[in-house]
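Colleague: predicted coordinates and the sequence they were generated for:
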Amino acid sequence: MKDRPRVQDFDWALLAIVAAITGIGVLEIYSSTHASAMAGIQWKQVMWIGLGIVGMLIIARIDYHTLMDQAPVLYLFGIATLLIVLAIGHSRFGAKRWVSLGGGPNFQVSELMKLIIIIVLARYFSEVRTDRLTLTDLVKVAILTIVPVALILKQPDLGTAMVLIPVAVVGAFLAGISWKHAAVGVVLIGLMIPLGWSMRHHLKPYQLQRIETFLHPEEDQRGAGYQILQSEIAVGSGGFWGKGFGKGSQNQLGFVPVRYSDFILAAMAEEMGFIGVCVVLLLYLGLILRLVDNAQKAKDKAGMFVVMGVTAILGFHVLVNASMVIGYMPVTGIPLPLMSYGGSATAFVFLALGLVMNVRMRRFVN
Amino acid sequence: MAPWSISDQRIPQGRLALISYLSVVFVVLLLVGFWKLQVVQSGHFADLAERNRVRSIPIIAPRGAMLDREGRILVDSYPSSSILLLRDDPKSLQKSLPQIEEGLGISREDILQQLEAAKNEPKFQPVVIKPVASYADIAFVESHRADLPVLELMLVQRRRYPHGEMLANSIGYVGEVSPQDMDRSEGRYRPGDIVGKAGLEKRYNDVLEGTDGMRRVVVNSVGKLVRQLDDVEAIPGKPIQLTIDYDLQSVAETDMAEKEGSVVAMDARTGDILAVVSRPTFNPNDFAVRIPQEEWNKLNGDAETPLLNRAIQAQLAPGSVFKIVMATAMLETKAVPESMRAYCPGYATFYGRTFKCHVFGKGGHGDVDFHKAIVQSCDVYFYNVGKQLGIDRISFYANALGLGHRTGIDLPSEETGLVPSEEWAQRVYHRKWYAGETISVSVGQGAVTTTPIQLARMIAGVASGGTLVQPHFLKNFPNPRVDHFTISEDTVEKVTQGMYGVVNEGGTAAGARLQNIEFCGKSGSAQVIGYDVRNRLGRQKEFKDNAWFVGYAPRRNPEIVVAVLVQGGEHGGAVAGPIARDVVKAYYDKKNARLQQQAKNEVLDAPGAPRPLIATVGAQRP
């Protein structure tokens, strides 16, 4: 038994996969933007990756049990920050998601909330003494989740708000939800859809349009469906072998919307073809499987829940983003983790991976 | 130990494994999705991607010019700009509409209508919203390149008819291709393409029309030009040279300025059309862009039928001009003795009905022989000729001399006219031919109708001994048809002597006499009968006789023949005759000037001829 966690115990295989994905991401960001006014943003991305790695190292050093001890404080801090953002945050792309960090780079606080919800729910689930969740437990989990979801929705950021939910769902599944409760949950979510539809007048016009477009894409081939169509054209025209790095017309001429960020997979699919997509998606599968493996080897349930919380968010991101790129899901603004350009999102992934390393390093520590 | 760590610490391995399997399933599903797009449908999407980046702006090929026989421009084209509306981004299109409406002064309904009309065309093909852009419009588009990327300028070639109404009915006009023509063209035409719609513009459309080119540019998603691809050059249409002589045309146009009717001047030897007038007429420049619907309706519904090319489409009774057919038939068949004489008291009675001579009420022609009958245009004489010939002989000769069927002139929609016969009465009216009808036909009345071009060709044919040429506008007309109908020398001599007398021996067109030119011809004053004609002309017209004169020169083997029709002109010789005379005079004035010039040149070229002193100091003769 070791008495001290060591950096040597990091999951190097996992980090190798992460390195491969981020590498491809940086290259594709370069390819998408080198001929535009945004040329050079790949270096910003590299900087964020560097900062993320530093953050990962720091977060790995703090015992996750210590973090979980502070769960209530973290939760309250997160909620308070979200409220502050709503009150004074910067508007960008029509949504208040950003808070200025004293002249430094702006930070999207909802990303922070993802980390907090992982820790808070991990603590909650691991406190359940049996392997069966009671209805009271579920209601508490639901409330804990819905409060930040509602606040993030209010920003409004549908994508990030949705991302918190899989943490609760996967957690509940692992903590031992009864089939009966699961069924009721599914029915409740089913009921939420018509309810949400009746509330559609509270949605922003662009959100409403996105949903309309998703439901009836054929009616609006070039309007709001434009983004999805252009993305599909990029993916489809890439063919099996791709058009070659830096040679995708959809990408280079800017037909693919936010090609360096949310639609980076479309840009990549155009230039690298189906082969490239296979490589990337299999890397992500490897990442997920490796994360689950870490969960399986966790020392305790708390550690497992932390790792699976991270897994839930990353998996959800990949699934929703890739589906959106090929037109299987509406445009929600969920980036592809580790590939899409974006400081906060990239930093979040590395901090989340820090939590995973944290758990892994301590699997043999008493 | 923290309170939460005392719980059950067994990891749910089974459920974690289930999540792993589920992840594999999701990734496989995603790969299937990508496979569908990238492998199954990749061709379709590659197509869409290509359209996305290449924007095609047509380069309109200029239409070929039309020149007169000496190379003077009758019709040409001039460069102008059209404004295109790009349709590939409906969102920015909608957004720009109010600004476009105001900036270009086009109503929204107009724009939407244009877009509607083109909705089945590929989206990357722009729509012409303003065919003729003013300088202000061009400036507007240029200055709003950044915020109105949906607008684009296209250089076009507009048709120009510098002489306005001159020759309009024969030249025709151009206009936007009709949906029917577009269907027939099997993809050659797009909406908004300009094609010949009538006249020579239509007949020689394939020659005049070029092949449009295409400017292909790569644009990015906001329509900004990224790179220029290879242009597909426009192939200009070929010019055509007409047989028209601008000088003769001008003379004819001036003479007909205030009249209704037609003039056709033709080279009797070759069939070259030298001048054609049809009045009233229209200005083809009005059609060159988009003719407003109301303007079109006005022209089309006009009782005076300005769109009718009277030279080839007016089917009217030829009146006494027809007597040349009668005279020829009489001498050729010998069914009537050459020496036949008739006494003309101003009228004659056949089958219990009185037929007047044109001098009725002013006495009569008295004793009339063949020559006098032509010179004085005695109806009574030809009534008798007709009675003895019978309708079928008349009909045979009329047909042989080119009446009753198309001359084959290179214009669309030529009419046939009508030469009646017993067979015709049976076929069309299912009745017998009445002998009295033959009497009317003998003086070019009754059912017989002709067009001015037919009469010109007929007279030239008789005077040239039976050579009927195919009239044509195109100078290099390939293999003009020549119909030979042998007329005996004796007949030609006698008939042409008669026509010489009409002008030169105090005949019906004595006022048309020309010095030193053997100007001959035959006049006609035809009654306007027939209900269709009456209806067409409307009530405002009194039904005055149509005046005809078909003149030619010289008497035998003529060079030029001119048919003149003045509707409501009453007196053929007096009204139509001088117009034919003016054209023939213009023809000879030009010819003589040319001969004189030639003679002068020959003298200068002759060896030993005195050279101008100036030549010795180095000046070069042109």
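Modeller: Now that the structure is in, tell me what you want to look at.

Colleague: C-alpha only now, for contacts and for neighbours.
Modeller: Will do.

Colleague: got the buried residues for stretch A:338-351?
Modeller: A:338-351 (16 or more other C-alpha atoms under 10 Å in any protein chain shown).

Colleague: chain center to it: distance?
Modeller: 9 Å (C-alpha atoms, centre = their mean, to the nearest Å).

Colleague: hmm, who's touching it?
Modeller: Contact with stretch A:338-351 is made by A:18, A:21-22, A:24-26, A:29, A:42, A:45, A:48-49, A:51-53, A:55-56, A:59, A:107-108, A:111-112, A:115, A:260-264, A:314, A:335, A:337, as judged by C-alpha atoms under 8 Å, 6 or more residues apart in numbering or on different chains.

Colleague: same for chain B: which of those are within range?
Modeller: Here nothing survives when these are matched to chain B using C-alpha under 8 Å from any C-alpha of the partner chain.

Colleague: give me the neighbour count for residue B:489.
Modeller: For residue B:489, the neighbour count with other C-alpha atoms under 10 Å in any protein chain shown is 11.

Colleague: among the buried residues of stretch A:338-351, name the ones in strands.
Modeller: Per DSSP state E, strands hold no members of those.

Colleague: let me know whether residue B:272 touches residue B:471 as I believe.
Modeller: Yes. Counting by C-alpha atoms under 8 Å, residue B:272 touches residue B:471, with 5.9 Å between them.

Colleague: give me the common contacts of those two.
Modeller: Joint contacts of residue B:272 and residue B:471 (C-alpha under 8 Å, 6+ apart) are residue B:266.

Colleague: so residue A:59: helix, strand or coil?
Modeller: Secondary structure, DSSP: H, G, I helix; E, B strand; the rest coil: residue A:59 is helix.

Colleague: ok, it - how many residues close by?
Modeller: Other residues close to residue A:59 by other C-alpha under 10 Å number 21.

Colleague: who touches it in this structure?
Modeller: By C-alpha under 8 Å, 6+ apart, the neighbours of residue A:59 are A:351, A:354-355, A:358.

Colleague: so how far is residue A:357 from it?
Modeller: 9 Å (C-alpha to C-alpha, to the nearest Å).

Colleague: what do you get for residue B:205?
Modeller: Counting by C-alpha to C-alpha, the gap from residue B:205 to residue A:357 is 80 Å.

Colleague: so for those two, which sits in the more crowded spot?
Modeller: residue A:357 (29 against 20).

Colleague: residue ranges in the stretch 201-350 of chain B under the pLDDT threshold?
Modeller: For the stretch 201-350 of chain B, residues meeting the criterion pLDDT under 70 lie at B:220-227, B:288-293.

Colleague: three-state assignment of residue A:120?
Modeller: Assignment for residue A:120 (three-state DSSP): helix.

Colleague: could you identify the longest helix within chain B?
Modeller: When chain B is parsed with DSSP state H, its longest helix is helix B:577-605.

Colleague: other SSEs contacting that helix?
Modeller: Applying 3 or more C-alpha pairs under 8 Å, 6 or more residues apart in numbering or on different chains; DSSP states H and E, one finds that helix B:577-605 contacts helix B:246-256, strand B:546-553, strand B:560-566.

Colleague: what about residue 258, how many neighbours?
Modeller: Using chain A here. By other C-alpha under 10 Å, 16 other residues sit near residue A:258.

Colleague: nope, chain B
Modeller: For residue B:258, using other C-alpha under 10 Å, the count is 10.

Colleague: tell me the predicted confidence for residue 103.
Modeller: You didn't say which chain, so I picked chain A. pLDDT recorded at residue A:103 is 34.

Colleague: my question was about chain B, not that one.
Modeller: Confidence at residue B:103, expressed as pLDDT, is 84.

Colleague: host element of the closest residue in space to it that isn't next to it in sequence?
Modeller: Of all residues not flanking residue B:103 in the chain, residue B:140 sits nearest, at 6.7 Å (C-alpha to C-alpha, 6 or more residues apart in numbering or on different chains). Element membership for residue B:140, per DSSP states H and E: helix B:135-143.

Colleague: end to end, how far does stretch B:403-410 reach?
Modeller: So stretch B:403-410: terminal residues 17 Å apart, C-alpha to C-alpha.

Colleague: about what we covered before: just the contacts of residue A:59 now: which is nearest residue B:346?
Modeller: Ranked by distance to residue B:346 (C-alpha to C-alpha), the contacts of residue A:59 are led by residue A:351 at 124.4 Å.

Colleague: which helix or which strand is home to the residue most central in space within chain A?
Modeller: Closest to where the C-alpha atoms of chain A average out (C-alpha atoms, centre = their mean) is residue A:317, at 4.4 Å. Using DSSP H and E, residue A:317 falls within helix A:301-325.

Colleague: let me see the mean pLDDT of that helix.
Modeller: 94.

Colleague: same question, stretch A:155-175
Modeller: 87.

Colleague: stretch B:480-493 too?
Modeller: Per-residue scores along stretch B:480-493 average to 92.

Colleague: please apply the same query to stretch A:334-351.
Modeller: 92.

Colleague: that one: how far from the chain's middle?
Modeller: Centroid displacement of stretch A:334-351 relative to its chain, using C-alpha atoms, centre = their mean, is 7 Å.

Colleague: hmm, back to that, how about the helices and strands packed on helix B:577-605 in CSV, adding distance to chain A?
Modeller: CSV is the format used below for the helices and strands packed on helix B:577-605 (distance: least, C-alpha to the nearest C-alpha, whole Å):
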stretch, distance to chain A
helix B:246-256, 56
strand B:546-553, 66
strand B:560-566, 63
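
Colleague: out of the ones you listed, nearest to residue A:12?
Modeller: Among these, the nearest to residue A:12 by C-alpha to C-alpha is helix B:246-256 (94.6 Å).

Colleague: now for that closest one, which elements pack on it?
Modeller: So helix B:246-256, by 3+ C-alpha pairs under 8 Å, 6+ apart, packs with strand B:273-279, helix B:577-605.
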